[in-house]
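Asks: Fold the following for me, if possible:
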Amino acid sequence: MNGETQVKVLSMNTVKRSALLAMLLLPTLLFSLLSVWSEVLSEEEWYRIFGGSGEDRASSVDQTGDGGYVFAGMTMSSGAGYSDVWLVKTDSEGNLVWNTTYGTTVYDQGFSVKQTTDGGYVVVGYCNNKGYGYASHKPWLIKTNENGEMEWHKTFNETFYEGVNQTVVWGEGHSVKQTIDGGFIITGVVQPRGDRSAAIWLIKTDAFGNKIWDRVFHGGGVLPYCAAYARSLQQTTDGGYIVAGRKQSVLGGNGDIWLIKVDMDGTVTWNRTFGKMYEDYSGDETAFSVRQTSDGGYIVAGNSYSSYDFRGWVIKTDALGEQVWELTLETSNSTCAAQQTADGKYMIFGHTPGAWYSGCVRLIKVDENGGKLWEKLVEDLPHCASRDGLQTSDGGYVVVGGYCPGLGDADVALVYVNGLIHNLAVADVAASKSVIGQGYPVNLSLTVLNQGNYTENFNVTVYVNATAILTQTITLNNCSSTSISFVWNTTSFAKGTYVLKAVADAVPRETNQTDNIFIYGNIFVTVPGDVDGDCDVDIYDIVSMSGAYGSKIGDEKFIANCDLDGDADIDIYDIVIASGNYAESW
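Replies: This next block holds a predicted model:
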């Protein structure tokens with residue numbers, strides 16, 4: 001039977017001081033984002049810090065219909081008890097619109113929030129009104145209106161387990177989504193009986209939070225009731241559900257990522273586990289996020305823990321949960337979520353090395369096969385651990401995470417990154433021939449790429465050794481390239497060896513400048529007619545030119561170095577030039 005917990009919902013005037021006490025007293029706590037390019041981008045990118053005098057956390061973020069954001073978590077800064085469920089609404093620039101708390105007199109926490117079709121919000125977490133410890137936790141589902149005012153709430157104390165209704169020992173709700181029928185689907189963790197370990201709990205409700213059915217999934221294997229829990233779920237296009245979390249390995253000890261597909265009634269269609277081995281140590285893996293992809297498969301994000309460290313792990317599966325590709329991040333780099341983006345690629349949300357609050361927000365864009373395209377670090381926001389992220393309606397990205405500036409009481413950071421990537425590259429610069437007669441021209445070609453998603457206007461310069469022979473301004477659309485052909489006249493250049501170098505000037509906020517430079521091998525300027533580059537014009541050069549005589553570019557016998565005047569064919573004029581310098585050397 002579903003029960004209700006007596007809660008105290010604080011008034012808006014009361015909770016404004018609770019959630020943003022520091023912001024009201026110290027407006028400078030609302031920071032602009034200092035980007036990795038050391039420029040203030042307050043109009044394009046930003047972060048906002050929310051928190052009071054105690055510890056505050058956020059676990060989930062959603063974009064709202066008005067272009068703003070809502071996040072849910074836990075606050076110890078004020079409320080009815082030691083910790084309360086915390087719901088915060090902002091506008092599109094992260095400025096506070098309202099915030100409120102919901103709680104009993106002891107421990108309560110929110111883990112997941114989604115905006116509902118009526119413009120309100122649904123939050124799931126746990127409430128605890130009996131005392132300390134997990135034994136008093138119960139999943140708590142809260143429905144609010146568009147202003148965060150509670151409309152109803154439900155706790156879940158019973159499960160249909162092993163053929164009978166049983167009062168659960170404890171449980172938590174970790175993820176909630178509104179379903180296509182207007183109801184809700186919840187997943188989390190439950191201990192259904194005192195003699196059974198924790199298991200995944202899946203609960204389906206109607207539009208008012210009344211339970212329709214629930215399912216309990218144990219780990220199975222050698223240990224018949226292995227510990228398991230879920231962190232994320234989504235309704236799938238077939239009307240069923242995909243659930244991701246962790247289960248204890250079948251031999252006990254460490255855990256694996258567990259992916260479970262069920263139909264609309266909660267019956268298992270298939271399930272898959274994913275684990276790693278580190279030398280002689282079985283990794284300990286857990287999933288934090290799962291989302292269905294356009295091909296019917298799934299993208300899963302989590303972490304893999306070894307005996308000495310951890311690293312983020314992203315897995316792409318097909319529609320049956322079979323692995324298609326995987327991406328393992330560097331040591332101590334964590335992931336909290338992954339999502340297919342509007343362009344069919346994927347965004348990975350996480351943070352750089354460090355434990356709870358010692359890294360910085362990291363976004364990694366990968367292609368359809370998991371190949372890295374680019375990344376962004378919010379380096380001016382240290383001591384921040386990402387907890388959730390998603391692509392926004394304008395093509396940008398929003399991340400919510402824990403922020404601890406002094407490694408003391410924690411606050412919450414809401415970070416917006418616009419998704420504009422500035423990335424130029426010089427793909428090629430080349431000469432039509434490697435040996436040139438002094439005073440004669442050589443044809444050069446240059447190819448430049450715009451690998452970003454923003455139209456760029458920039459200069460590109462070509463150097464012969466340290467001398468600039470071309471500077472040109474280029475306007476290049478996103479994800480496009482251009483090629484330029486031009487002539488280098490060697491009249492004023494001494495005989496000798498030269499190196500071509502092309503440099504595209506970096507544009508503001510360009511994240512990767514290593515490929516803005518391209519160097520082309522050696523070009524030899526010598527006596528006209530010295531086609532083999534041995535510093536004299538001799539019979540070997542005449543023989544080479546005779547063999548290529550009459551050919552044009554594209555012909556099999558065409559030799560570029562024999563085209564002395566650079567007119568794309570080897571004719572009598574080239575022979576005359578060579579003959580006039582016969583026996584010349586230097």
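Asks: Do a quick rundown of the strands in the stretch 151-300 of the chain.
Replies: Taking DSSP state E, counting those that start in this stretch to define them, one finds strands in the stretch 151-300 of the chain at 158-161, 164-167, 170-178, 184-191, 199-205, 211-217, 228-235, 241-248, 255-262, 268-274, 277-278, 281-282, 284-292, 298-305.
Asks: Now do the fifth one: distance to the chain's middle.
Replies: Computed by CA atoms, centre = their mean, to the nearest Å, the chain-centroid distance of strand 199-205 equals 29 Å.
Asks: re earlier: any chance of the strands of the stretch 151-300 of the chain in CSV, plus mean pLDDT?
Replies: Shown next, in CSV, are the strands of the stretch 151-300 of the chain (pLDDT from 0 to 100):
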stretch, mean pLDDT
strand 158-161, 85
strand 164-167, 85
strand 170-178, 96
strand 184-191, 95
strand 199-205, 96
strand 211-217, 95
strand 228-235, 96
strand 241-248, 94
strand 255-262, 94
strand 268-274, 95
strand 277-278, 73
strand 281-282, 66
strand 284-292, 95
strand 298-305, 94
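Asks: contacting residues for residue 298?
Replies: 242, 244, 259, 290-292, 316-317, 321 (CB atoms under 8 Å, 6 or more residues apart in numbering). (C-beta placed from N, C-alpha, C; glycine too.)
Asks: how far away is residue 534 from residue 342?
Replies: Remark: distance between residue 534 and residue 342 (CB to CB, to the nearest Å) = 59 Å.
Asks: quick one, which of those two is more surrounded?
Replies: residue 534 (14 against 10; other CB atoms under 10 Å).
Asks: residue contacts, that one?
Replies: Residue 534 neighbours (CB under 8 Å, 6+ apart): residue 540.
Asks: Name the SS class of it, please.
Replies: Of the three states, residue 534 takes coil under DSSP: H, G, I helix; E, B strand; the rest coil.
Asks: So what does it look like in phi/psi?
Replies: Main-chain torsions, residue 534, degrees, to the nearest 10: phi -100, psi 20.
Asks: for residue 52, same thing?
Replies: The phi/psi pair for residue 52 (degrees, to the nearest 10) reads phi -120, psi -150.
Asks: Chain neighbours aside, what residue packs nearest to it?
Replies: Nearest non-adjacent residue to residue 52, counting by CB to CB, 6 or more residues apart in numbering: residue 77, 2.6 Å away.
Asks: so how many other residues sit close to that neighbour?
Replies: 24.
Asks: ok, now the one 3 residues further on?
Replies: Counted with other CB under 10 Å, the burial measure for residue 80 works out to 20 neighbours.
Asks: that older thread, now do the same for the residue nearest to residue 52: its pLDDT.
Replies: What the model reports as pLDDT for residue 77 is 88.
Asks: A helix includes residue 573, no?
Replies: Yes: assessed with three-state DSSP, residue 573 lies in a helix.
Asks: Next one: the spatially most central residue of the chain relative to residue 414, how far apart?
Replies: In the chain, the residue lying closest to the centroid (CA atoms, centre = their mean) is residue 348, at 2.6 Å. Distance from residue 348 to residue 414, counting by CB to CB: 19 Å.
Asks: in stretch 307-321, what's buried?
Replies: 310-317, 319, 321 (16 or more other CB atoms under 10 Å).
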